[in-house]
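Chemist: Structure of the sequence below:
(2 chains)
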Protein chains: 2
Amino acid sequence: MAPELTRQRQADRSRETRRKLMEATVDCLVEHGWSGTTTTQVAERAGVSRGAQLHHFRTRNELVTAAVEYVGHESAEQLLRESGRVTAAADRTRAVVELVVDFFASPMFTAALELWVAARTDPELKPVVIDLEARLGRQCHKLTLELLGADEGKPGVRETVQATLDLARGLALANQLTDDSRRRARIVRQWATMLDAVLKEQS
Amino acid sequence: MAPELTRQRQADRSRETRRKLMEATVDCLVEHGWSGTTTTQVAERAGVSRGAQLHHFRTRNELVTAAVEYVGHESAEQLLRESGRVTAAADRTRAVVELVVDFFASPMFTAALELWVAARTDPELKPVVIDLEARLGRQCHKLTLELLGADEGKPGVRETVQATLDLARGLALANQLTDDSRRRARIVRQWATMLDAVLKEQS
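Modeler: Numbering: from 1, shown residues only, chains lettered A, B, ... in the order given. I've put the predicted structure just below:
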């Protein structure tokens, strides 16, 4: 094999190992919580050797932070792929609010919540997660603005879009112990009506 | 001493021991998180003997669940005591939204969050916390309705008041790792305007 091809295959394999580790970490967090998520368990679940795992991530903190960032980005990419559908919807604002709220009420949020809560009382983890929270937060805000086709220059729009994301987080929290989807659907409908009024009032 | 007086003093002492244990538990949860909150540590912090503690609470789960319920109720009582001030405010809706949002962005919420997240992956704790969440949730909803002087019979009001509480939870979550009070104040102002429009539109 040409050396170039070998390098390419190694890179592919490395990426694939990383993906497996990231997904296994999120699954572990969702199933067993922060204290039940160990590097050994993740390696086993991913079907990756401990050596290969250590090559990518040296500590549990590194592994979990990378996993939440990975899944956050992957989910945002998925959101973008669905953007054509929602921006073309007859009731665009409602379609976007539904999409964003569903995005939060997901295993990705559950995994992130485990990391956020652990970081609060872990001085090593805390600054890393603050940074991650800020990056994912900005990405979500930008994406939601684009999906809504909203103009932040107009008074009240920025705060209302931010409130939509805070509401989505609050609703995701209420979904952790029980299935809250019926109540959530009624709130989403009402919120979409109110948000739409703010967006239209300004145009 | 008359037997009646002795019984009265014993009851007072017992209530005082309970109060100390409840407050120490919440302080422990806020400072050290779920995994750092042990019954031994709580007894020490409360200045209560292990024997007296065991008389009140047999397990960590019992202790922590009771503490979150205690602090939840205490905080709601405090909210009620402030109700005269907010219902008499020139901008009542905004005063109420500020009060409710501040109520959530508190150590009480941080302690509850630790319990909620732990309960998700603890089969013994989960049903107890689901029950507690429902009770505290109903209490908050009823209280917020009263403070706003809102009529749930009118279309959209019930969902908008629920959204206010979900938004408050989402904002409290965003305040766990950093001080988010400035951003929060802007969102609260905007939301109060939107909520007020819904409440007035219906009257």
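Chemist: can you map out the helices along chain A?
Modeler: A:3-32, A:39-46, A:50-56, A:60-81, A:83-87, A:92-104, A:107-120, A:125-148, A:157-173, A:181-201 (DSSP state H).
Chemist: Low-confidence regions, chain A specifically.
Modeler: A:1, A:202-203 (pLDDT under 70).
Chemist: let's see it at 90
Modeler: A:1-8, A:10-11, A:35, A:68, A:71-90, A:154-155, A:200-203 (pLDDT under 90).
Chemist: is it possible to export the helices of chain A to a markdown table including mean neighbour count?
Modeler: In this view, the C-beta of every residue, glycine as well, is placed from N, C-alpha and C. Shown next, in a markdown table, are the helices of chain A (neighbours: other Cβ atoms under 10 Å in any protein chain shown):
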| stretch | mean neighbour count |
| --- | --- |
| helix A:3-32 | 16 |
| helix A:39-46 | 18 |
| helix A:50-56 | 14 |
| helix A:60-81 | 18 |
| helix A:83-87 | 13 |
| helix A:92-104 | 21 |
| helix A:107-120 | 23 |
| helix A:125-148 | 17 |
| helix A:157-173 | 24 |
| helix A:181-201 | 18 |
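Chemist: got CSV for those, with distance to B:Ala192 too?
Modeler: Listed next are these as CSV, based on distance: least, Cβ to Cβ, whole Å:
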stretch, distance to B:Ala192
helix A:3-32, 36
helix A:39-46, 45
helix A:50-56, 48
helix A:60-81, 29
helix A:83-87, 28
helix A:92-104, 20
helix A:107-120, 27
helix A:125-148, 21
helix A:157-173, 11
helix A:181-201, 12
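Chemist: Of all those, which one comes closest to B:Glu16?
Modeler: Each of those has some distance to B:Glu16 by Cβ to Cβ; the shortest is helix A:107-120, at 30.3 Å.
Chemist: If you count contacts, what does that closest one end up packed against?
Modeler: helix A:3-32, helix A:60-81, helix A:125-148, helix A:157-173, helix B:107-120 (3 or more Cβ pairs under 8 Å, 6 or more residues apart in numbering or on different chains; DSSP states H and E).
Chemist: quick one: which of the ones you listed is nearest A:Leu195?
Modeler: helix A:157-173 (5.9 Å).
Chemist: so the closest one versus helix B:157-173, what angle?
Modeler: Between the axes of helix A:157-173 and helix B:157-173, defined by axes from the mean of the first three to the mean of the last three Cα atoms, to 10 degrees, the angle is 90 degrees.
Chemist: export helix A:157-173 as CSV, just CAs?
Modeler: Taking C-alpha atoms only, helix A:157-173 is exported to CSV below (Å, rounded to 0.1, in the frame of the first residue of the first chain):
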residue,chain,number,x,y,z
VAL,A,157,-35.8,40.1,20.0
ARG,A,158,-32.5,39.1,21.4
GLU,A,159,-34.0,38.6,24.9
THR,A,160,-37.0,36.7,23.6
VAL,A,161,-34.8,34.3,21.6
GLN,A,162,-32.6,33.8,24.7
ALA,A,163,-35.7,33.2,26.8
THR,A,164,-36.7,30.5,24.3
LEU,A,165,-33.5,28.6,24.9
ASP,A,166,-33.8,29.1,28.7
LEU,A,167,-37.3,27.8,28.5
ALA,A,168,-36.1,24.8,26.5
ARG,A,169,-33.6,24.0,29.2
GLY,A,170,-36.2,24.3,31.9
LEU,A,171,-38.6,22.0,30.0
ALA,A,172,-35.8,19.5,29.5
LEU,A,173,-35.1,19.5,33.2
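Chemist: got the angle for it vs helix A:92-104?
Modeler: 40 degrees.
Chemist: residues touching the residue nearest the centre of chain A, list them.
Modeler: Taking Cα atoms, centre = their mean as the criterion, A:Gly72 is the residue nearest the geometric centre of chain A, at 3.1 Å. A:Gly72 sits next to A:Met108, A:Ala112, A:Leu132, A:Leu136, A:Gln139 when contact means Cβ atoms under 8 Å, 6 or more residues apart in numbering or on different chains.
Chemist: please redo it, this time with the cut-off set to 10 Å
Modeler: A:Met108, A:Phe109, A:Ala111, A:Ala112, A:Leu132, A:Glu133, A:Arg135, A:Leu136, A:Gly137, A:Gln139, A:Cys140 (Cβ atoms under 10 Å, 6 or more residues apart in numbering or on different chains).
Chemist: I figured the third one hits A:Ala67, correct?
Modeler: Yes. Counting by Cβ atoms under 10 Å, A:Ala111 touches A:Ala67, with 7.0 Å between them.
Chemist: Touching both of these two, which residues are there?
Modeler: Joint contacts of A:Ala111 and A:Ala67 (Cβ under 10 Å, 6+ apart) are A:Thr25, A:Val26, A:Asp27, A:Cys28, A:Leu29, A:Thr37.
Chemist: Which of those sits closest to A:Thr178?
Modeler: A:Leu29 (19.3 Å).
Chemist: In this structure A:Leu148 contacts A:Val86, no?
Modeler: Yes. Between A:Leu148 and A:Val86 there is a contact under Cβ under 10 Å: 9.2 Å.
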